[in-house]
Structures are given as C-alpha cells and as structure tokens.
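Novice: Build the 3D model from these lines:
(chains A and B)
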Number of protein chains: 2
Amino acid sequence: MRVYLAGPDVFLPDPHRRGAVLKAICARHGLTGVFPMDQLDAEPAEWAALAEPQRIALRNEAHIRGADALIANLTPFRGPSADVGTVFELGFMRALNRPVFGWSTGHADFSTRTREFLGDRAAPAEDGVWRDHEGLALESFGCLDNLMIDGAVVASGGVLEIFEIAGAARWLDLAPFERCVARAAEVLRGG
Amino acid sequence: MRVYLAGPDVFLPDPHRRGAVLKAICARHGLTGVFPMDQLDAEPAEWAALAEPQRIALRNEAHIRGADALIANLTPFRGPSADVGTVFELGFMRALNRPVFGWSTGHADFSTRTREFLGDRAAPAEDGVWRDHEGLALESFGCLDNLMIDGAVVASGGVLEIFEIAGAARWLDLAPFERCVARAAEVLRGG
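Specialist: Numbers count the residues shown, from 1 in each chain, chains lettered A, B, ... in the order given. As a prediction, the model looks like this:
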C-alpha cells in the first residue's frame, strides 16, 4: 500500500534525507511511503514547459492520486494551524474518498493554540464567543485544527496522533509519525 | 451554475448577512452562490448523531460535491497564509477536477508576507535560501500562497484576483470578490 507523506518536511534543511527516514519508518510497517520530492515514474512531456511551482504542484497531485492513503504532518507551521500546502493535499485525498491520517507535535487544542498566537488580540465577546481584534471568531470545538481537518480524518476512518513536543525537537522527533504509520498500517490492513 | 464560497467569512460577526451579500453578488453575475452555512436540501438522518464539528465538515463536503466550481477567500488569516479550512476545501474541489478561483485583499507575494510575519526570525542562509529560526525554508516562487494553491487555480482554468487593501477594510471590501465572480462567470460560460 502506497501512502503519500504530506507535510512541511520538504522545507527542512535536508529534505531528501528526511524523506528517506520517513520512508524507512513506513517500510518497517509494511507501507510504501511516497515523499513529495520523489520523481514520478512517467511525467507528461508537456510539463517540461511549465514554471517550476506549477510542475511541482501537478507532480504532488499525481503522487496523491497514485497513493492509497495520506499521512499529514499537521504540526503548527508559522501560526496556529498546519501548513496550508499540507492541508490542501489532505483535502485533495479526502475528496478521493481514501483514508487520511494526521500527526502533530503541537498542543492538541486548536482554540488554545489560537489564543496563544493572538495574545491580547483575542478576547471573549458579550456572547461568550472568543473573537480576534478584527472581529473574527475563534473555533472552539476541541479539535486539533480547523474542523474540516479533524472531520475529514474521522470520516475517512483515519486517526490523529498528537504527542506534544516543545522547542527545536518539534520538527525532529518522529515518535508521533511512527505511531501514526503503525495505526495507518492497521487500518489499511482492515484491522 | 453553483459556486461554493469558501473562506473565513464564516468567522465574521454576522456570517449569515455576509453570506447573503456574497450570494447577491453571485446572482448579479448569473451564478448561484453556496455559502458554507447553508442547509443541505436533504441531510442524511444519521448525521443527527454526529458531533457538531463533524456534521459541519460533512455538510461542507456535500456542498462542495454539489457545486460546479469554488471561489476561495485567500486573504491571509492569522499568519502569512490563507485559512486552512478554506484551503482544505480548495484542494477537495481541485481533486474533483472542477475549476477553483481565489481572491485576496492581502499583499500579492507569499515570500514577502512570510518575511514580514517572521521578522528577525528569518534570514538568508549561505546558499541564498531564506530560512526561519527553526531552519525551515521559505517558498520564493512569486506565488500568492503555497504553490499547491496557485498551482491548482492555474491548472483548473481558474483565476486569482488580488487587490491589496490595508487595515480593517481587508475583511469588508468585496471589490476583489466581485471581480473574481465576474471572471468565474466568464470561465464557466466558456468565455
């Protein structure tokens, strides 16, 4: 079974090494990890004329279509939420009706993270709803992130694995990833 | 033609009013706007047992599957990128191979916005690549946001409309939305 490994891991200093490590963990659990930077087996010749970001986007979409499931690194990225490229890919796979899984090293509650991010720019309004300084409400459903993300994982039969890890290790500690891969392997085997 | 209106507009103080305004603009251009808070014509009875965020997520997914295209409010939301719920939905519609459009009142360049957000937590490394304080690279492709977003809009035949609007009006000025709706109506008519 092929599992697409979505995440901001591609922005790490040595992303090819990171991809190899993630794929080795998948292999230990009987899964074939597909990293966004992998080449396609056959890339349409006309893509050679495309600008680089366009070509990368089409390649990632093709990788997702070619995979049986998706595991997303949902660790908060430059704000209270996960990386938007990762979440785009999660939504893409969800529309294909295949299982999506997520893991994170951040705090488990989206509302708490958003309040921490906003600091004194957020406060409860008269109706008890927390709003930011521009009047926009904060989600407070006890989800890991925006409800579309949690909703998709649950509805697809996937799981979320969250181990809060502070500081520099939050991009390096792969314990929640390995746990997520193990759970995904169980789900994909029908266990 | 039905167009799903993705965006953090649902977090505004009077989201039902906002939805009505967006739908009126769509109607002026011959399109039927579908707002995330709309009810479904027929909701499966078993959804009544679901937790609220789960039910909202499934309803939004059904709205997207029932629409011919998607228009996303990609205005930066609590960080340099668009709202992740919106981007999830954009990816979902892209996987269905239908046109996706985006609009924003933020600065047009993702790299510039990310550097502004990070401030002195970002700097160019020896190889010239800008990295944040945790070593993660910044995208610098001249895109509006993560390349998956720009890539999907372009590949689907959609358009991006960006009118930079500063201050409180950035959530209120609908000029880029109306321009995006007009362009979407042209594309959907095959013009």
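
Novice: Could you measure from A:A175 over to chain B?
Specialist: The spacing between A:A175 and chain B, counted by C-beta to the nearest C-beta, to the nearest Å, is 18 Å. Glycine gets a C-beta too; all of them are placed from N, C-alpha and C.

Novice: Tally up the residues packed near that residue, please.
Specialist: A:A175: 13 surrounding residues under other C-beta atoms under 10 Å in any protein chain shown.

Novice: mind listing what the closest residue to it other than its chain neighbours touches?
Specialist: The shortest distance from A:A175 to any non-neighbouring residue, by C-beta to C-beta, 6 or more residues apart in numbering or on different chains, is to A:F163 (5.5 Å). Contact analysis of A:F163 by C-beta atoms under 8 Å, 6 or more residues apart in numbering or on different chains lists A:105, A:173, A:175-176, A:179.

Novice: try 10 Å this time
Specialist: For A:F163, the contact set (C-beta atoms under 10 Å, 6 or more residues apart in numbering or on different chains) comprises A:103-106, A:108, A:170, A:173-177, A:179-180.

Novice: Show me which residues of the helix or strand harbouring A:F92 are buried.
Specialist: A:F92 belongs to helix A:84-95 when assigned by DSSP states H and E. By neighbour count with 16 or more other C-beta atoms under 10 Å in any protein chain shown, helix A:84-95 contains the buried residues A:84-95.

Novice: Could you do stretch A:43-53 as well?
Specialist: For stretch A:43-53, burial by neighbour count (16+ other C-beta under 10 Å) applies to A:50, A:53.

Novice: Can you tell me the SS state at the residue positioned nearest the centre of chain A?
Specialist: The residue lying closest to the centre of chain A (C-alpha atoms, centre = their mean) is A:A72, at 2.7 Å. With DSSP: H, G, I helix; E, B strand; the rest coil as the basis, A:A72 sits in strand.

Novice: List the residues that contact it.
Specialist: Applying C-beta under 10 Å, 6+ apart, we find A:A72 in contact with A:4-8, A:82-83, A:86-87, A:89-90, A:93, A:100-104, A:149, A:152-153, A:158, A:160, A:180.

Novice: Pull up the pairing partners for the helix or strand following the helix holding A:F92, direction included.
Specialist: Counting by DSSP H and E, the next helix or strand C-terminal to helix A:84-95 is strand A:100-104. Partners of strand A:100-104 in the sheet, by DSSP bridges, are strand A:69-73 (parallel), strand A:160-162 (parallel).

Novice: Could you verify my assumption that A:L138 touches A:G128?
Specialist: No - taking contacts as C-beta atoms under 10 Å, A:L138 lies outside contact range of A:G128: 11.5 Å.

Novice: which one of these two has more residues nearby?
Specialist: Between A:L138 and A:G128, counted using other C-beta under 10 Å, the more crowded position is A:L138 (21 against 7).

Novice: How about the contacts made by the more buried one?
Specialist: Contacts of A:L138 by C-beta under 10 Å, 6+ apart are A:80, A:110-115, A:117-118, A:122, A:124, A:129-132, B:11, B:78.

Novice: about what we covered before: among the strands paired with strand A:100-104, show me which one is buried the most.
Specialist: Mean neighbour count (mean count of other C-beta atoms under 10 Å in any protein chain shown) peaks for strand A:69-73 among these, with a mean of 27.

Novice: from the chain's centre, how far out does that strand sit?
Specialist: 6 Å (C-alpha atoms, centre = their mean, to the nearest Å).

Novice: related to what we said a few turns ago, most neighbours among the contacts of A:F163, which one is it?
Specialist: A:C180 (28 neighbours).

Novice: which helices and strands sit right next to whichever strand or helix holds that residue?
Specialist: Applying DSSP H and E as the criterion places A:C180 in helix A:175-188. Applying 3 or more C-beta pairs under 10 Å, 6 or more residues apart in numbering or on different chains; DSSP states H and E, one finds that helix A:175-188 contacts strand A:2-6, helix A:15-28, strand A:69-73, strand A:100-104, strand A:160-162.
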